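**Student:** Pasting the sequence and the predicted coordinates here, then a few questions.
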Amino acid sequence: MRRHRPIHPLPLRIMHWLNAIAIVILIGSGWEIYNAAPILPFSFPQWAVIGEWLGGAIAWHFAAIWLLMLNGLAYLVWGTVSGHFRHKLLPVTPRAVLHDIWAALRFRLPHELGVYNCVQRLLYWGVIGLGILAVLSGLAVWKPVQLWYLSDLFGGFAFSRIVHFVAMSAICAFIAIHLLLVALVPRVLPAMLFGGRLSTTPHAK
C-alpha cells in the first residue's frame, strides 16, 4: 500500500512565503534608504522602492527585519530538528558541485520534485549565510555606537554600509536565479504553493 507525503511540508511553505514577503519589503525599503545617502553614483527608481520617503522606508524596514529574523530563526530550528537540512541540503562537496554545473551546462541535469541538486544546495546555504550577514551588518549600521563590536567587526560604519549593500545585492542575484529556474521548470511552483504529493512504499515488516 502506497503512502503519500508532501513534497514541501506545510511549515516549510509558510516560512518560505513569509520570508519572500519580508525580503521584498526589505529590499524595496532598503533602496529608498540608500537613495537618501547613496554610496555609489546611482539611485534606484521611485517605482522600485517602498516607503516613498526616508521615514516611511525606515518604518517598513524595521517591521520587515523583525519578520525576517523571527521567521529565519524558526526556519533554522525547524530545519535542524526536522532533519530538513540533513536530508535535503547535505552533503555538498566540491566534486559534486562541479559535476552538477557541468551537467547543467550540457542541459543534462535531471530535476526531480523535492530533490535539490548540489548546486541548489550550495546556493541555499549561501543565501542563508548572506541573510545572516545582511542582518548583522544592518544592525551595525543602525546602532554603530551601541553595537560597536559589530561595527568594528565590519570595519566601521562606512564599511558596514558597504557590506550590507553587497549582501543585499547578492541576495537579489540569488532571487533572480531562483525566479529564472522556476520559469524554466514551472512544475516546481505548485508544490511550493500547495505541498504536492510524493508516493512512498513503506518497508515490509
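**Tutor:** Alright, I've got the coordinates.
**Student:** Nearest residue to the residue positioned nearest the centre of the chain in space, please, no chain neighbours.
**Tutor:** Within the chain, the residue whose C-alpha comes closest to the C-alpha centroid is Val127; the distance, by Cα atoms, centre = their mean, is 4.8 Å. Once its chain neighbours are removed from consideration, Val127 has its nearest residue in Phe174; the separation is 4.7 Å (Cβ to Cβ, 6 or more residues apart in numbering). For every residue, glycine as well, the C-beta is placed using N, CA and C.
**Student:** With Lys88 instead?
**Tutor:** The shortest distance from Lys88 to any non-neighbouring residue, by Cβ to Cβ, 6+ apart, is to Tyr116 (5.8 Å).
**Student:** ok, now how distant is the one you found from Trp142?
**Tutor:** Note on Tyr116: its distance to Trp142, by Cβ to Cβ, to the nearest Å, is 34 Å.
**Student:** that older thread, and the residue nearest to Lys88, how far from Trp53?
**Tutor:** When Cβ to Cβ is applied, the distance between Tyr116 and Trp53 equals 41 Å.
**Student:** residues of the helix or strand harbouring Ile128 that come out buried?
**Tutor:** Secondary structure assignment for Ile128, by DSSP states H and E: helix 118-142. Neighbour counts using 16 or more other Cβ atoms under 10 Å place 118-124, 127-128, 130-131, 133-142 of helix 118-142 among the buried residues.
**Student:** helices and strands around the following helix or strand past that helix, which ones?
**Tutor:** Sequence-wise, the next helix or strand beyond helix 118-142 is helix 148-153, with elements assigned using DSSP H and E. Based on contacts counted as 3 or more Cβ pairs under 8 Å, 6 or more residues apart in numbering; DSSP states H and E, the elements that helix 148-153 packs against are helix 118-142, helix 157-184.
**Student:** For this structure, give me the ranges with low pLDDT.
**Tutor:** 1-3, 198-205 (pLDDT under 70).
**Student:** How is this structure divided into domains?
**Tutor:** Taking automatic domain parsing as the domain assignment, the record places the domains of the chain at 12-88, 89-187.
**Student:** Relative to Gly195, which of those domains is closest?
**Tutor:** With respect to Gly195, and counting by Cβ to Cβ, the nearest of the domains of the chain is domain 12-88 at 6.5 Å.
**Student:** Span of the closest one from start to end?
**Tutor:** Across domain 12-88, the straight-line distance between its terminal residues is 12 Å, by Cα to Cα, to the nearest Å.
**Student:** just stretch 41-52 next, same as before
**Tutor:** End-to-end distance of stretch 41-52 (Cα to Cα): 20 Å.
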